[in-house]
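Asker: for reference, the sequence and a predicted model appear below.
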Amino acid sequence: MTAAAQRTAPPGGSRRLPGVLRLGAARAAFEVRLFFRERDAIVFIFAYPVIMLAIFSTVFGQDGGRVGPSPGIPYAQYFLPGMVATGVMLSSFQSVALMIAAERDEGALKRLRGTPLPASAYFLGKVGQVLAVSIVQTALLLALAATAFDVPMPRSASSWAVFAWVFVLGTATGTVCGVAFSSVPRSGRSASAVVTPIVLVLQFISGVFFVFNDLPTWMQQVASVFPLKWMAQGMRSVFLPAGAQSFEVSGSWQHGATAAVLGAWLVLGLVVGVRTFRWRRRDDG
Amino acid sequence: MTLTDVAVDVRGLRKRYGDKHAVNGLDLEVGRGEIFAILGPNGAGKTTTVEILEGFRDRDAGQVSVLGEDPATAGRAWRSRIGVVMQDARDLSEATVEELVRHFAGYYPAPRDPDEAIDAVGLRDKARTRCRRLSGGQRRRVDVALGIVGDPELLFLDEPTTGFDPQARRAFWELVTGLRHGGTTVLLTTHYLDEAEQLADRVAVVRDGQVVALGAPADLGGRAARQAVVRWTEDGSTREVRTDHPTRTVAELALRAPGAEIPGLQVLRPSLEDVYLSLIGADGTGGADGSDGSGGAAVAEEPVR
């Protein structure tokens, strides 16, 4: 230990604080490592989209049923994009909102507040963790769809480019909205009761569990306000044949609108998240 | 004390929640290298005060300087110079002790060696254990390891030994004393008297958001509070006199019936606990300054205690 006399050196001057990016990377690595130790969360996040894809494509696809105008699209192929989108929402929005609510409740955030860790590095760490988990989750889902359900994977680089930007933009939007939403539940324990219904309702109205065209118009319009519908639509443009575009409600993949709505939620989530983020519990002054 | 000798300087600090004054005009000065204890009952304003000093809370009024900066506006460089051990954190579950301490060390510009921090809190043989599997006392040691790994100039310990068994508390006291030898200033809150007595160079007793007594544990409450009490039985009731000269009082009592035993004679020195209880008003007297019975008033009529 340092002796008393050696402590007179001017602090802050020669001692440089670690950079935000370096700390963000360290946080991400630390969070990923801890995430993979929480078995319940892993099972849920990784298995949910896979199981849902299996159930829905099996139920709707009985007797060789297909979606859309002849020759139609097999149900597994039609539902895969929605499951990719819903998986991203789970590992970003839902998981971040629940995790931060719990961390706030347990005092983990307050502990970090007592250190020189900047808030930006904390959020970068969350983004890194969400990206890592989403990539593993989506890869698992695609691998299963391709092998067990014979869903053809896109061949063109342009399709994968669309996949990449929808995936990254969707993940980023889900993460910042999760940060913003984490302040809504009154406690860590009530968080899943507040977050889960929203996630479920969005899944039902956004064309994840049902064919989007089959939904009533008003429901389609409500869903169009939220990001999940656009993420699912963006993913359909990647995994469905080009001809399926005519089967969309608007008759087009609407990439511009997809980017605009996701981008708007990204900005909204950032603004609200920065303004409402709390290091401490609500009952802690 | 000169400016550089002062680690914490607080003048007229006030904080109100609704219409409750949690901190009500509190003054405090902690010197560098000192172990300073804030002692007081639950709800006295200890944690609120410390959390204002740590930069966790805003204040309503008063001047606060911690390591020369105002905690309300101080930045990362300032945070790297303090260490915080909070009350009641329930986080830390899946990470091992070693992972946590190493990770937190990375937040600081000039951290202690993580292994040294782990050794300092006596968790060497638990270094690879996940925090979830640690006992309450061991987790508290992890809290302290995370608080000291940045090699802070000033360490805040908020009720650090609540829930410890006596053995763990002794070990913890040794740890804190060791930190001071290393040059760390320690500001600690506690509601345990023996903790303040064992550890602190100086103690501030806080009651209703104000400092009601300040000094070395042995001097606490001043001379009046340290007066001896001579107690005896007379006419079937207990009489009692507070005095600086108990021998003279006893001699005078003895003269009234030479050769006879004084019935029920006791000479009592107040313990720190008695002083403390009178300071915080828990003994029903409402404070220490009501002591009377100046030396020699042998047969003064004192109320029965």
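Answerer: Yep, it's here.

Asker: continuing past the helix or strand bottoming out on mean pLDDT in chain A, what's the next helix or strand?
Answerer: Every helix and strand in chain A was compared by mean pLDDT, DSSP states H and E; the lowest is strand A:66-67, with a mean of 82. Downstream of strand A:66-67, the first helix or strand assigned by DSSP states H and E is strand A:73-74.

Asker: report all helices and strands that that next one contacts.
Answerer: strand A:66-67 (3 or more CB pairs under 8 Å, 6 or more residues apart in numbering or on different chains; DSSP states H and E). Glycine gets a C-beta too; all of them are placed from N, C-alpha and C.

Asker: could you pull out the helices for the chain?
Answerer: No chain in the question, so chain A it is. Here chain A has its helices, by DSSP state H, at A:20-35, A:39-60, A:75-89, A:95-106, A:108-113, A:119-148, A:157-181, A:191-205, A:217-223, A:227-239, A:255-276.

Asker: sorry, I should have been clearer: chain B.
Answerer: B:46-53, B:76-79, B:97-105, B:114-120, B:136-148, B:166-181, B:193-199, B:222-225, B:246-256, B:272-279.

Asker: for the ones you listed, which one sits closest to chain A?
Answerer: Chain A lies closest, by CB to the nearest CB, to one member of those: helix B:76-79, at 3.9 Å.

Asker: now check that closest one, is it near chain A?
Answerer: Yes - applying CB under 8 Å from any CB of the partner chain, one finds helix B:76-79 touching chain A at B:Arg76, B:Ala77, B:Trp78, B:Arg79.

Asker: and the stretch 101-250 of chain A, which of its residues are near chain B?
Answerer: A:103, A:105-108, A:110-111, A:113-118.

Asker: out of those, who's the most crowded?
Answerer: Ranked by the number of neighbours (other CB atoms under 10 Å in any protein chain shown), these place A:Leu117 first, at 27 neighbours.

Asker: look up phi and psi at the residue lying closest to it once chain neighbours are set aside.
Answerer: Nearest residue to A:Leu117 in three dimensions, chain neighbours excluded: B:Tyr107, at 4.7 Å (CB to CB, 6 or more residues apart in numbering or on different chains). Main-chain dihedrals, B:Tyr107, degrees, to the nearest 10: phi -80, psi -20.

Asker: check contacts around B:Tyr107.
Answerer: A:Pro18, A:Leu23, A:Thr115, A:Pro116, A:Leu117, B:Ser80, B:Gly150 (CB atoms under 8 Å, 6 or more residues apart in numbering or on different chains).

Asker: can you check B:Glu195 too?
Answerer: Applying CB under 8 Å, 6+ apart, the residues near B:Glu195 are B:Ala37, B:Thr161, B:Arg169, B:Trp173, B:Leu188.

Asker: okay, now the fourth one: neighbour count?
Answerer: Using other CB under 10 Å, B:Trp173 has 18 other residues around it.

Asker: so where's the stretch 151-285 of chain A uncertain?
Answerer: A:285 (pLDDT under 70).

Asker: what's the first-to-last distance across stretch A:237-250?
Answerer: 13 Å (CA to CA, to the nearest Å).

Asker: contacts for it?
Answerer: By CB under 8 Å, 6+ apart, the surrounding residues in contact with stretch A:237-250 are A:67-69, A:73, A:77-78, A:80-81, A:84, A:151, A:153-154, A:159-160, A:162-163, A:166, A:212-213, A:220, A:233, A:236, A:251-255.

Asker: buried stuff in that stretch?
Answerer: Along stretch A:237-250, these residues count as buried under the neighbour rule (16 or more other CB atoms under 10 Å in any protein chain shown): A:Ser237, A:Val238, A:Phe239, A:Leu240, A:Ala244, A:Phe247, A:Glu248.

Asker: do stretch A:214-227 as well
Answerer: Result for stretch A:214-227 [16+ other CB under 10 Å]: buried residues A:Leu215, A:Met219, A:Gln220, A:Val222, A:Ala223, A:Ser224, A:Phe226, A:Pro227.

Asker: quick one: end-to-end distance for that stretch.
Answerer: Using CA to CA, one end of stretch A:214-227 lies 19 Å from the other.

Asker: just the strands in chain B please.
Answerer: For chain B, the strands defined by DSSP state E occupy B:6-17, B:20-31, B:35-39, B:61-66, B:82-85, B:154-158, B:185-190, B:202-207, B:210-215, B:228-234, B:237-243, B:266-268.

Asker: now for the fifth one, which elements pack on it?
Answerer: Think strand B:82-85. Strand B:82-85 packs on helix B:136-148, strand B:154-158, going by 3+ CB pairs under 8 Å, 6+ apart.

Asker: helices or strands up against the shortest one?
Answerer: For strand B:154-158, the elements it packs on are helix B:46-53, strand B:82-85, helix B:136-148, strand B:185-190, judged by 3+ CB pairs under 8 Å, 6+ apart.

Asker: which helices and strands sit right next to the longest one?
Answerer: Translated: helix B:136-148. Against helix B:136-148 (3+ CB pairs under 8 Å, 6+ apart) you get strand B:82-85, helix B:97-105, helix B:114-120, strand B:154-158, helix B:166-181.

Asker: let me have these in a markdown table, extended by mean pLDDT and distance to B:Thr233.
Answerer: A markdown table is the format used below for these (pLDDT from 0 to 100; distance: least, CB to CB, whole Å):
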| stretch | mean pLDDT | distance to B:Thr233 |
| --- | --- | --- |
| strand B:82-85 | 94 | 50 |
| helix B:97-105 | 96 | 60 |
| helix B:114-120 | 91 | 55 |
| strand B:154-158 | 95 | 46 |
| helix B:166-181 | 86 | 37 |
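
Asker: could you say which of the ones you listed is packed most deeply?
Answerer: The highest mean neighbour count among the helices and strands packed on helix B:136-148, using mean count of other CB atoms under 10 Å in any protein chain shown, belongs to strand B:82-85: a mean of 25.

Asker: off-centre distance for that one?
Answerer: A distance of 16 Å separates the centroid of the chain from that of strand B:82-85, by CA atoms, centre = their mean, to the nearest Å.

Asker: what's the answer for stretch A:39-57, then?
Answerer: The answer for stretch A:39-57 is 14 Å, by CA atoms, centre = their mean.

Asker: got the buried residues for it?
Answerer: Buried residues in stretch A:39-57, counted by 16+ other CB under 10 Å: A:Ala41, A:Ile45, A:Phe46, A:Tyr48, A:Pro49, A:Val50, A:Met52, A:Leu53, A:Ala54, A:Phe56, A:Ser57.

Asker: enumerate every residue touching the first one.
Answerer: Residues touching A:Ala41, when contacts are defined by CB under 8 Å, 6+ apart, comprise A:Phe35, A:Ser95.

Asker: roughly how far apart are it and chain B?
Answerer: 10 Å (CB to the nearest CB, to the nearest Å).

Asker: leaving out chain neighbours, which residue sits closest to B:Ala37?
Answerer: B:Ala37 sits nearest to B:Ala200 (CB to CB, 6+ apart), 3.7 Å away.

Asker: neighbours of the one you found, how many?
Answerer: For B:Ala200, using other CB under 10 Å, the count is 22.

Asker: need phi/psi at it.
Answerer: Residue torsions, per degrees, to the nearest 10, at B:Ala200 are phi -90, psi 140.

Asker: my guess is it contacts B:Leu157. True?
Answerer: No - contact criterion CB atoms under 8 Å: B:Ala200 and B:Leu157 do not qualify, at 11.1 Å.

Asker: confidence score at the spatially most central residue of chain A?
Answerer: Among the residues of chain A, A:Ser92 comes closest to the average C-alpha position under CA atoms, centre = their mean, at 2.8 Å. With respect to pLDDT, A:Ser92 scores 94.

Asker: and if you look at B:Leu187?
Answerer: For B:Leu187, the model assigns a pLDDT of 96.

Asker: now swap in B:Gly287 and tell me
Answerer: 41.

Asker: can you check the one 3 residues further on too?
Answerer: pLDDT recorded at B:Gly290 is 35.

Asker: follow-up on the earlier one: drop anything exposed from the contacts of stretch A:237-250.
Answerer: A:67-68, A:73, A:77-78, A:80-81, A:84, A:151, A:162-163, A:166, A:212, A:220, A:233, A:236, A:253-254.

Asker: ok, back up a step: of the residues of helix B:76-79 next to chain A - the most surrounded one?
Answerer: Neighbour max across the residues of helix B:76-79 next to chain A (other CB under 10 Å) = B:Arg79, 24 neighbours.
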